[in-house]
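Trainee: Predicted model follows, preceded by the sequence.
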Amino acid sequence: MQGYEPFLMSRLSLVVNSPRRILSVVAAFAVFSLAPFASGADEAPGTRLKQLAEEAGRLHAAGKFQAAIPVARELLGQTEKIAGPDHPLVSQSLNNLALLLQQTRQYTEARQLFERALGIDEKALGNNHPGIIRSLTNLALVLQDQQQFDAARPLFERALSITEAAYGQSHAAVAVSVGNLAMLYKEQKQYEQARPLFERALTIHQQQLGNEHPAVALSMINLGELLIATKQYNGARTLLQSALSIHERTHGAQHPVVADDLTRLGLLMKEMGNYPEAGEIQQRALEIRETALGPSHPDVAASLNNLGSALYQIGEFAKARPMFERAAEIYAAAYGSTHPDVGTSLNNLASLLYQVRNYAEAAQVYERVIAINEQALGKDHPVVAMNLNNMALALREGGDSVRPLPLYERALQITETAYGQAHPNVAVSLNNLASLHHQNGNFETARPLFERSVRVMKTALGEDHPNIATSLNQFALFLKDAGDLAASQQYYEEALAVETKALEPGQRDIAVSLNNLATTLSGIADLLQDTKDYTTFLPLYEQAASAMEASLGADHPNVALNLRTQAMFHAEQGKNEEAVLLTERAVHIQEEALPADSPVIRETLEQLVRLYEKTGKTDAAQQTRDRLRALQAAPPQE
C-alpha cells in the first residue's frame, strides 16, 4: 500500500452568482431620453446614442461582457461629446461601463469610473441627495470586491444615512441600503453585526411590500446565506426554500431568478453532504438558465461548474468532465481566456483528472491555472499558493519527486505571508511539504513539519474541529511508516475521538467528518494487518466503507478501493467466495466512475482473475483476462 497520503487544499472551487449583487444599486443600461440634445432635423447624435445603449444592454443581458465593453466606451465618449463631461447622463454611462469592468474583474479602472460618476452626481445634486446613492453604492461595492472593507464601509453607511433621511426609517429603499451594509459585515465574517441588519431588511420588506413580494424573497436569501456561513443549515434551508416558492409564484418556474435560487439551494445540499439531491437541483437550475439565457451565458457556466461538482462528489467523473470543460469555454468567450473564472473551471477539471489518475494532464491543467491566477491576482496571492500545492501533488502522483519541492516551498511562503504563522492554510502547506519529504524517505525533515502542521491546525481551529482529524491522520500515517507504531495508533485514536464528537447530533461538517472517520478506521486497520487478527481489523475496514458510502455515495471509487482491500483479506482467510463478490462490486463501481483505461480498473480485474481461478470459475477467469487484454490494446482515452 502507498505509504504517504498528501491532501489537497480546496481543490474543487465553485462558481455561483453572488447574492450580494441582489442588493447592489447598479445602473441598468438605459435607452436615454435625448430630447435636450437633439432638436429639429439634427437627430443623428441622439439616434447613435440610443443604438449604442441598446447594443450595450443587449450584450450585457446576454453575458457577453467583453464584447459590451467597447460599445459602452463608445457610448460614454459620445455622451460626453454631446452632453458635456459633467452631465448626469455621463454619470450613468460611467456607471454602465464601470459595471462591465467590475464584472470582468477590472476593478482598478471600474473604481476610477465610479469615483468620477459620484463626483458628477454630487456636483449636480448635492452631497445628501438620494440621486447620488447609485454611484455611492456602486463605488462601495467595487471597493468591497477589492477587499478594501474599511474604505467601503463609510460609503455604505453614508448611503444608508441619506436613504433614511430621504424616505424614513421603514422605506423599502432603506432595506436595500441596510442589506448592503450587512453584506459587507458578512464578507468580513462579522456575523454578529450582520445578522440584525439582515433581519431588519427582511422585516422592512415584509411590512412595506407584503410576504409574497420578490424583495422579501431576496432578503430571505441574504439572511439564509448568513445562516449557511454560521453553519445553521436547517434554518438556512427553510429560508431558501421559502424564497424559491415566492419567486416561482411571482416569476414563473422557468425564470432565471428561480435558477439562482435553485443554485443556492443545491450548494446548501452539497454542504450538508446530500450530493444526489444537490445534483438534481443543479440540473434543474442548468436547464432553466440554458433555456432562458442561452447556452453561452456565464450563468450557464456557473451551473455547469456546480452540477459538475455534485457529480464529482459522487464519483461520476465521466459525466462531470464535459461540464467543467464547457464552463471554461463559456467563461473564456465571455471574459477572456485569462479571467479567474476560467481558472476556476480549469481547476475543477484538473481536480477531476487527478481523481481518475490522469496525473500528467492534471499537472498541465494546473500549470495553466497558475498562469491565469498569477496574471489576474498576482504572483503572491493565496489562490496561487493553492494552485501550486495542487500541481505539486499531481506531479508527485505522476512519479516526479523533484519538481514538487520548489512548488510546495513557494506555496508555504505565500501562505505564511498572506495569513501569518497560525492559519489553517499554513498547516495544509506544511503538511504537503512534510508528506513530500515522507514520500522521499526524508523522515527527519518530515517529522517536525508534520508536528508543526498539527500544532498550527489546533491553534487555528481548536482541539475538536473536524479538520484537526485530517492533520492527525496524516501524522499517524507518517509515524506508521517511520516505525513508531505506538505513536501512530495514539494519533489515530485522537483523530477518532475528534471525528466521533463531530458526528454527534447537532454537530456539522458531517461529510468531512465521515471522510476523516473512514481514513482513521482504515489507518488503524492498516496498523493491525501484520497481526493477521482478521476479526479485529476487518470490521474496521467495513466501518470505513460504511462511512465512505454515507459521505461520498455507495458508487464512489474510494468505496471500490476499500472493497478491494476487504476482498484481499477475505481471500487470505480462504473465504474466496466472499472475496469474489466484493471484488466484482469494486469492478462495477470503477467501470461506472473511471475511464476505461484507468490502471485502477486493470488492477482490480487482475485481482478478480486470481479469485476466479481460486474458486474454479475458469470461464469467468478467461472472460476477465480477455477484458484485460482488450483494455491493454485499446488506445488511451482523451
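Mentor: Right, received. Where do you want to start? Bear in mind the structure is a predicted one, so any value in this text is a computation, not a measurement.
Trainee: Could you measure from residue 618 over to residue 579?
Mentor: Using CB to CB, to the nearest Å, we find residue 618 at a distance of 17 Å from residue 579. In this view, the C-beta of every residue, glycine as well, is placed from N, C-alpha and C.
Trainee: between the two, who's got more neighbours?
Mentor: residue 579 (26 against 10; other CB atoms under 10 Å).
Trainee: buried stuff in the strand or helix carrying that one?
Mentor: Here residue 579 sits within helix 576-593, counting by DSSP states H and E. Residues 576, 578-580, 582-587, 589-591, 593 are the ones in helix 576-593 that count as buried (16 or more other CB atoms under 10 Å).
Trainee: again, but for stretch 325-341
Mentor: Neighbour-count burial for stretch 325-341, counted by 16+ other CB under 10 Å, picks out 325-336, 339-341.
Trainee: do stretch 283-291 as well
Mentor: Here stretch 283-291 shows 283, 284, 285, 286, 287, 288, 289, 290 as buried, counting by 16+ other CB under 10 Å.
Trainee: hmm, back to that, which neighbouring elements make contact with the helix holding residue 579?
Mentor: With contacts defined as 3 or more CB pairs under 8 Å, 6 or more residues apart in numbering; DSSP states H and E, the packing partners of helix 576-593 are helix 557-572, helix 599-614.
Trainee: what does the first one contact?
Mentor: Which is helix 557-572. 315, 317, 355, 518, 522, 529, 532, 534, 537-538, 541-542, 544-545, 548-549, 552-553, 576, 578-580, 582-583, 585-587, 589-590, 593-594, 600, 603-604, 607, 611, 614 (CB atoms under 8 Å, 6 or more residues apart in numbering).
Trainee: quick one: residue 239 from residue 217, how far?
Mentor: Going from residue 239 to residue 217 by CB to CB gives 9 Å.
Trainee: Which one of these two is surrounded by more residues?
Mentor: residue 217 (28 against 23).
Trainee: returning to that earlier point: just curious, which of the buried residues of stretch 325-341 is nearest to residue 631?
Mentor: residue 325 (24.2 Å; CB to CB).
Trainee: Can you say which helix or strand has that closest one in it?
Mentor: helix 317-335.
Trainee: burial measure for residue 154, as a count.
Mentor: Residue 154: 10 neighbours (other CB under 10 Å).
Trainee: follow-up on the earlier one: CA atoms only for the helix holding residue 579 - export them in PDB, please.
Mentor: The C-alpha trace of helix 576-593 is given here as PDB (Å, rounded to 0.1, in the frame of the first residue of the first chain):
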ATOM      1  CA  ASN A 576     -12.700 -16.800  -1.700                       C
ATOM      2  CA  GLU A 577     -16.400 -16.600  -2.500                       C
ATOM      3  CA  GLU A 578     -16.900 -13.500  -0.300                       C
ATOM      4  CA  ALA A 579     -13.800 -12.100  -1.900                       C
ATOM      5  CA  VAL A 580     -15.200 -12.600  -5.400                       C
ATOM      6  CA  LEU A 581     -18.400 -10.800  -4.500                       C
ATOM      7  CA  LEU A 582     -16.500  -7.800  -3.000                       C
ATOM      8  CA  THR A 583     -14.100  -7.600  -6.000                       C
ATOM      9  CA  GLU A 584     -17.000  -7.900  -8.500                       C
ATOM     10  CA  ARG A 585     -18.700  -5.000  -6.900                       C
ATOM     11  CA  ALA A 586     -15.500  -3.000  -6.900                       C
ATOM     12  CA  VAL A 587     -15.100  -3.500 -10.600                       C
ATOM     13  CA  HIS A 588     -18.700  -2.500 -11.300                       C
ATOM     14  CA  ILE A 589     -18.200   0.800  -9.300                       C
ATOM     15  CA  GLN A 590     -14.900   1.600 -11.000                       C
ATOM     16  CA  GLU A 591     -16.100   0.900 -14.500                       C
ATOM     17  CA  GLU A 592     -19.100   3.200 -14.000                       C
ATOM     18  CA  ALA A 593     -17.000   6.000 -12.400                       C
END
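Trainee: where does the stretch 151-300 of the chain have low pLDDT?
Mentor: By pLDDT under 70, the stretch 151-300 of the chain has no low-scoring segment.
Trainee: which stretches of it form helices?
Mentor: Taking DSSP state H, counting those that start in this stretch as the test, the helices found in the stretch 151-300 of the chain are 172-187, 191-209, 214-229, 233-251, 256-271, 275-293, 298-313.
Trainee: And residue 356, how far from residue 595?
Mentor: Taking CB to CB as the measure, residue 356 falls 6 Å from residue 595.
Trainee: Sorry, slip of the keys, the one I care about is residue 168.
Mentor: Counting by CB to CB, the gap from residue 168 to residue 595 is 63 Å.
Trainee: One more: residue 363?
Mentor: Residue 363 is 17 Å from residue 595, by CB to CB.
Trainee: The two: who's more crowded?
Mentor: For residue 363 versus residue 595, the count of surrounding residues by other CB under 10 Å is larger for residue 363: 24 against 20.
Trainee: Please give the element, helix or strand, for the more buried one.
Mentor: helix 359-377.
Trainee: Outside of that helix itself, list whatever touches it.
Mentor: Residues contacting helix 359-377 (CB under 8 Å, 6+ apart): 105, 337-340, 342-343, 346-347, 349-351, 353-354, 381, 383-384, 387-388, 390-391, 394-395, 397-399.
Trainee: Now do the helix holding residue 579 and helix 599-614, the angle between them.
Mentor: Counting by axes from the mean of the first three to the mean of the last three CA atoms, to 10 degrees, helix 576-593 lies at 150 degrees to helix 599-614.
Trainee: and the helices and strands packed on helix 576-593, which is most packed in?
Mentor: When you average the neighbours per residue for each of the helices and strands packed on helix 576-593 (mean count of other CB atoms under 10 Å), helix 557-572 leads with a mean of 22.
Trainee: Now that one - C-alpha only, PDB.
Mentor: Provided in PDB are the C-alpha atoms of helix 557-572 (Å, rounded to 0.1, in the frame of the first residue of the first chain):
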ATOM      1  CA  PRO A 557     -14.300   5.000  -6.500                       C
ATOM      2  CA  ASN A 558     -12.900   5.300  -2.900                       C
ATOM      3  CA  VAL A 559     -15.600   2.700  -1.800                       C
ATOM      4  CA  ALA A 560     -14.300   0.400  -4.500                       C
ATOM      5  CA  LEU A 561     -10.800   0.600  -3.300                       C
ATOM      6  CA  ASN A 562     -11.900  -0.300   0.200                       C
ATOM      7  CA  LEU A 563     -13.900  -3.200  -1.100                       C
ATOM      8  CA  ARG A 564     -10.900  -4.500  -3.000                       C
ATOM      9  CA  THR A 565      -8.800  -4.300   0.200                       C
ATOM     10  CA  GLN A 566     -11.500  -6.200   2.100                       C
ATOM     11  CA  ALA A 567     -11.600  -8.900  -0.600                       C
ATOM     12  CA  MET A 568      -7.800  -9.400  -0.300                       C
ATOM     13  CA  PHE A 569      -8.100 -10.100   3.400                       C
ATOM     14  CA  HIS A 570     -11.100 -12.500   2.900                       C
ATOM     15  CA  ALA A 571      -9.000 -14.300   0.400                       C
ATOM     16  CA  GLU A 572      -6.100 -14.600   2.800                       C
END
